[in-house]
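In: Quick one, fold the following:
(chains A and B)
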Amino acid sequence: MPAAGVVTIVAVVLIVLALVYYLLNTILQLRAINQGLDEVIASVGEIVEKSAPVNDVVGDINANLDAAVSALEGLLVKKAGMVDAVGLVDGLYPGAAAAGFRDFPESREIEAPRISEVYTRGTLTLARLGREAPIALGNPAGPAIRDPAYGSAAARTLYSAERPSRSPVIGTDAPVVYEPPKPVRTGRFRRS
Amino acid sequence: MTLWWIGNAVLLLAVLPVVVYLLHNVLSAAKSIVPSVGQIANAAAAGSKDLDATALLLTTQDQVRQTVAGVAAYGGSLDVILDDAEER
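Out: Numbering: from 1, shown residues only, chains lettered A, B, ... in the order given. Presented below is the predicted three-dimensional model:
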């Protein structure tokens, strides 16, 4: 055999050896990839299975919360009036007046009275419950503890020292006019 | 004979390096995929584990219903107790 033939055979053998080495390694890597993808598919299947009912459950929760928000907004507006309701909510959640009530689009146009600057939180509601609620009149346990007609006299007994002057008057006819409110956009009353 | 030697030279100096180069790149690409697949598998497993808490959504759903029912009951009582704004 001529020397050129031997060199040719050696070259072909080298090429075949290179092919075998690299292709075998590539096959091993591809099998590892295949095994990894099997694990991924299993985990993704679990994710799909576990997240399947989330949409319905969250939708139901949101529907219930929406109904509660609508009912509470309606009750607040019915009992406090639109203006006071907006002022009360804005006092609790500064900036919420701009968003208004969801079921009362006209509430966005109302300039919120600054109830929170005059009354502490809950004072307005407590005062209304204490002075105006007819529950004391119809109490089956006995006569009313507080006379609804002279509720302020009963309230005065709560103070050990001289009771502060009467509750301040708010509104456009108030004797004390405060500076214009600063626009506040730090809080959110509810999601949009 | 000369052409044969030239062919041998081309085979050894051109074809063999090119084959090795190409196969080496294929192997490198395949090797680089393996850790990525491993990371994806770990992330998917962690995501699946995180979703174990979704079963608690059913409890949340039930509690929200009860809370809303309680709020509705309180609202109904307040509606009776308090005067309407228009009546004052």
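In: For A:Tyr93, give me the pLDDT.
Out: At A:Tyr93, the pLDDT value in this model is 80.
In: Can you read off the backbone torsions of it?
Out: Main-chain dihedrals, A:Tyr93, degrees, to the nearest 10: phi -130, psi 90.
In: now swap in the one 10 residues further on and tell me
Out: Listed backbone geometry of A:Asp103 is phi -90, psi 0, with angles given as degrees, to the nearest 10.
In: One more: the one 5 residues further on?
Out: In this entry, A:Arg108 is assigned phi and psi values of phi -70, psi -20 (degrees, to the nearest 10).
In: The residue nearest to it when sequence neighbours are not counted: neighbour count?
Out: Nearest residue to A:Arg108 in three dimensions, chain neighbours excluded: A:Gly100, at 3.5 Å (CB to CB, 6 or more residues apart in numbering or on different chains). Every residue, glycine included, has its C-beta placed from N, CA and C. Counted with other CB atoms under 10 Å in any protein chain shown, residues neighbouring A:Gly100 total 21.
In: Spit out the contact partners of A:Gly100.
Out: Contacts for A:Gly100 were tallied using CB atoms under 8 Å, 6 or more residues apart in numbering or on different chains; they are A:Val86, A:Glu106, A:Ser107, A:Arg108, A:Glu109, A:Ile110.
In: Buried among those residues? Need that as a selection in PyMOL.
Out: A single PyMOL command selects the buried members of the contacts of A:Gly100 (16 or more other CB atoms under 10 Å in any protein chain shown):
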select buried, chain A and resi 86+107+110
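In: any idea which of the contacts of A:Gly100 is the one closest to chain B?
Out: A:Val86 (12.2 Å; CB to the nearest CB).
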